[in-house]
Every structure is written in C-alpha cells, then in structure tokens.
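1. Okay, predicted coordinates and the sequence, questions at the end:
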Amino acid sequence: MVKEKLIAGVDIGSSSIKWAIYYSANGKILDSGSIRYPHGTFDRDNIDVNTIAHIYLRLLNNLNDRGVSYVGMSTMAPILVCINSEKLPLTGIPYNSLQGSEFLQELDYDYIRKITLNVPNVQFFYQKIKWMEKHVKNILPATKWIVDLNGFLFTKINKNSEMPVQDVNTALEWGLLNHKTFFWESYMVENLGIANKLPELVSPEYSCEYKNMVISIGTVDTIVSALGSIGIDSNKFFISNGSTLCAGFVSENPLNVKTLYNDIYFEGKYLINGCNSQYSTILEWAERNFKRSIDINKIDMNPRNVIFLPYLEGERCPIFNTEIRAGFYGIDKWTTNNDMIASIVHSLAYLTVDMIDNLLMYGEGDRQFNGIIAGGGMSKINIGSVVAALTNLRYEIAGIEPTTLGAMLIAMRSNGMIDRYPTTTKSYGLKIDYEIEPNTSVLTHKKSYEQFKKYRDSILRILSEM
C-alpha cells in the first residue's frame, strides 16, 4: 500500500459541499468540514451549477495548498446539465423535478425495466428532454453535450479533453443506458434525437490531473454513501439520512421489484435501494408552518393518536407515486401543536422502517441482516431508537459523513492504493458515534406504525381508482 498520502473525499450535496481529508499512513481522518451554498442555489426545478462549480474549484485549490494528492467525488444526481459548445451550462434540472412527468406515460415499463433495471420515474432524463422540446425550444439546438453534475464539474478541471465524460453508474439513472452493454440504448437516444450529444462513458475511478492532484470523477451520492457506510458487506443495510432518505443493501444480482431501485455498484455487485427526496423537507415544512425550531432529539417520542403521513414526491420511495400529498390523521379537539410536531418527527422514523421493511421483504434468499449503519445530518438517536425497535436490528450512527469516506475510497482505488473495495470501512476512518440496540420499550410505536401503513395503503387504493 502506498504510504503517507493525503486523500480527500468531496460530497456535492443539495445544500452544501462536504469534505474530509484522510491520512493513509495512520488510517485517520485529519480534518473535515462543509461549505453551504448561497440562498437560491437549489430550487425545485433548477440548480445553479455555475455557483456550485465556483465553490468546488475554490475547495480543490485549498486542498491542493494543503498537500492533498488524490481527491474522489460524490454528487447529487441525476442532474440534467445541458452545456453549449463553450462548455457553459444551459440547464441544471434536479433529480426531483416533476417537469415533463406526463411524458413518462409514453414509455413501455417492461421494456424500460429490461434495459435499465428500473421502472420509469421522475429521475429519468427522457421526460425532461421532452419537456424542453415542448416548452423551451431554444435549449436543445444550442446543446453540444448532455452531462450530469459530476460530468459538468469534470469539464472545469479536465480542460484538455474535448469530449466530456460521465460515469456509467450515474448514467444508468438517466434511463438511457443499457445495463448489459454499459452503453447508450440506441432506441431511447435516437428517439430523443440526442445520440450525438452524449458523453463518453467511464468508471467512477476515471481520473485526471488538476494542479498537483489527481481527481476521480466518482459517482452518485447514494452509491458513494453506501460504499462509505458498509463497503461491499452484503449483510448490513446502509441508511443515508440527508436531504434525501435512502436505504439499501449490496446484492450479487439485481431484483425485479417495482418498489425498489437497482444501481450498478462496485466489484460487480448491485445496490438495491429505495429513496425519498422529500425527507429533510418534512422537517423544514414543519418548522416553517409551526413557526419554531425543532430539535429531533428533544421531541417526546411517546406515540400520539395523531399520525402524519408525509409521502409527498419521493422519486424513488417505495410507492413510486408523485401524486401523494401529506396529511394528518386522527386529529381531534384535544390535539395540540406539540402532538402534531411529535407525529411529524415520528413519521421520519416510520418512513425509514417502511423502506427497510420493503428491502427485507425482497431480500435475497435466507440472508440474515445483522445491522444498519446510518449517516447524514438527519441521523438522530430518537429516530434510530424507533427504527432499531421496529426492525429488530442494531442501528449505528456514523460519526463521519459516509459519502466523503466513500469518495476517498474511490480515489484510493483509482490510484492503486487499494486493490479492491473493503467489506468494512472501519479501518479506513469510519467512526461510529452511537450504537442503538433494539429496545422492547420502544415497541409502543408498533401500533402507530401499523396504522401509518394502513393510511398509506388506503391512499394508494384511492389513487389507483382515479
């Protein structure tokens, strides 16, 4: 193993850029931090990718000055970035934008699943490109290349390359890649008229030189978070509790299940997962409407009669329905604001358990899962206690952002510092702050959780009949 190198992992998220520096000689994280975006950088239908690029380049320059040798990248995705002949961005349409959702009905679900491993969903590029053709007709003619956020950022540091590059793991989530050939599906790209606008496909370990460093393009944050949390261990769940709730496990094979998502993972494996992009916005919505700051760890976790169902617009949540809206159930004249706020926090735990339940239901064979490793700013003890009790699994809360650790591992693999990705990442800097064992006293939530699922199923039946 190469000694005495500084390796950095950079995670470009929806609200900030997080980073960490790892020292290979002693296996320790030396420093970490985050840089928040200016207000207005990210909204529902547009991301200011130029602002993100400026912040990212400043961070790279700082890492270079600190003697970092290798940098790995993790980015929120899919972000539809159209760039012109001068490699300037014309769009930055985020993964959870509903623009063009009506065009998803044009797709043959069985064909799409066969090609991409997944059912059509709002993350796909197909409907967003169709929407641009109809509503902003000047964009596509001016588009030289279509890339994702990490592909766009790479154009800023890899200036010697005429053709942009894009990692295959992220490209699969566009809905345009054939998972068997690892190449663009001709029927899809020709139908959209973009065959000559697509970038060269590369692995997440693909790298280029920038100043005194080597930068790896990395891949989508869901995959990188899993890598930093559980490595390639197939007996643990990872949970990412950030702006988006994601949970999943490593599998030898993809699963043909409508309610779960298949991502191309590392070492020839797949990541089976569910995601819900409105996770942290539930709390933001509550703080805005109840006009108070909410500390999750100070909320009374005793179950209430009122139940909050927060399925809003999760592009990869288990119900795959963008028409779902939130609602309170069981309100009566004795219900207080504190009851309603508590029910909102409880719902964050129920969302997580519901996702784990889906994963357990469709897990491979007789495999026994032995725990959960959770990371992200929304990983809290209160929520973890409920999740541990209702899933009967140990819940560990990471003390470092797993996406930055996963990005570091990609940089290490890219530069020959490791031969393969590890089964556990604890020897590479993963620190566990809290270990929560299943506690039967918290099983008082079981009744509320069952009611939560009944309300959800009732809404689904109503929607299916509309």
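-> Yes, it's here. Numbering: from 1, shown residues only.

2. what ranges do the strands span in the stretch 1-150 of the chain?
-> 6-12, 16-23, 28-36, 42-43, 46-47, 70-75, 81-83, 145-147 (DSSP state E, counting those that start in this stretch).

3. no, scratch that, I was asking about the stretch 151-300 of the chain
-> For the stretch 151-300 of the chain, applying DSSP E, counting those that start in this stretch gives strands covering 165-167, 177-178, 183-184, 200-202, 207-210, 213-216, 219-220, 237-241, 245-251, 261-264, 270-276.

4. can I get those in JSON lines with mean pLDDT?
-> Output for the strands of the stretch 151-300 of the chain, formatted as JSON lines (pLDDT from 0 to 100):
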{"stretch": "strand 165-167", "mean pLDDT": "98"}
{"stretch": "strand 177-178", "mean pLDDT": "97"}
{"stretch": "strand 183-184", "mean pLDDT": "98"}
{"stretch": "strand 200-202", "mean pLDDT": "98"}
{"stretch": "strand 207-210", "mean pLDDT": "97"}
{"stretch": "strand 213-216", "mean pLDDT": "98"}
{"stretch": "strand 219-220", "mean pLDDT": "98"}
{"stretch": "strand 237-241", "mean pLDDT": "93"}
{"stretch": "strand 245-251", "mean pLDDT": "93"}
{"stretch": "strand 261-264", "mean pLDDT": "95"}
{"stretch": "strand 270-276", "mean pLDDT": "90"}
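
5. what residue ranges in the stretch 251-400 of the chain score low on pLDDT?
-> Filtered on pLDDT under 70, the stretch 251-400 of the chain yields the residue ranges 277-280, 311-325, 363-366.

6. follow-up on the earlier one: turn the strands of the stretch 1-150 of the chain into a markdown table, including mean neighbour count.
-> Bear in mind the C-beta positions are built from the backbone N, C-alpha and C, glycine included. Below are the strands of the stretch 1-150 of the chain laid out as a markdown table (neighbours: other Cβ atoms under 10 Å):
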| stretch | mean neighbour count |
| --- | --- |
| strand 6-12 | 28 |
| strand 16-23 | 22 |
| strand 28-36 | 14 |
| strand 42-43 | 15 |
| strand 46-47 | 20 |
| strand 70-75 | 30 |
| strand 81-83 | 24 |
| strand 145-147 | 24 |
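
7. Pick out the shakiest of those strands, pLDDT-wise.
-> For those, the weakest mean pLDDT is recorded on strand 42-43, namely a mean of 84.

8. Report all helices and strands that that one contacts.
-> On a contact count with 3 or more Cβ pairs under 8 Å, 6 or more residues apart in numbering; DSSP states H and E, strand 42-43 meets no helix or strand.

9. how far does that strand sit from the chain's center?
-> 16 Å (Cα atoms, centre = their mean, to the nearest Å).

10. need the longest helix for this protein.
-> Ranked by residue count under DSSP state H, the longest helix found in the chain is helix 337-361.

11. Quick check: what element follows it along the chain?
-> Once helix 337-361 ends, the next helix or strand along the chain (criterion: DSSP states H and E) is strand 372-375.

12. quick one on the thing from earlier: quick one, the longest helix of the chain and strand 270-276 angle?
-> Helix 337-361 and strand 270-276 are oriented at 160 degrees to each other (axes from the mean of the first three to the mean of the last three Cα atoms, to 10 degrees).

13. angle of helix 337-361 against strand 245-251?
-> Relative orientation of helix 337-361 versus strand 245-251 (the same axes, to 10 degrees): 20 degrees.

14. coming back round to it: determine which of the strands of the stretch 151-300 of the chain approaches residue 111 most closely.
-> Counting by Cβ to Cβ, residue 111 lies closest to strand 177-178 out of these; the figure is 11.2 Å.

15. name the helices or strands packed onto that closest one?
-> Where contact means 3+ Cβ pairs under 8 Å, 6+ apart, strand 177-178 is packed against helix 109-116, strand 183-184.

16. Pipe the ones you listed into JSON lines and attach mean neighbour count and distance to residue 54 per row.
-> As requested, the helices and strands packed on strand 177-178 are exported to JSON lines (neighbours: other Cβ atoms under 10 Å; distance: least, Cβ to Cβ, whole Å):
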{"stretch": "helix 109-116", "mean neighbour count": "16", "distance to residue 54": "33"}
{"stretch": "strand 183-184", "mean neighbour count": "16", "distance to residue 54": "31"}
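
17. And these, which one averages the lowest pLDDT?
-> For these, the weakest mean pLDDT is recorded on helix 109-116, namely a mean of 94.

18. for it, the distance to its chain's centre please.
-> Put simply, helix 109-116 sits 22 Å off its chain's centre (Cα atoms, centre = their mean).

19. same deal with stretch 225-234?
-> Put simply, stretch 225-234 sits 14 Å off its chain's centre (Cα atoms, centre = their mean).

20. average model confidence for it?
-> For stretch 225-234, mean pLDDT is 95.

21. Over to stretch 441-454?
-> On average, stretch 441-454 scores 90.
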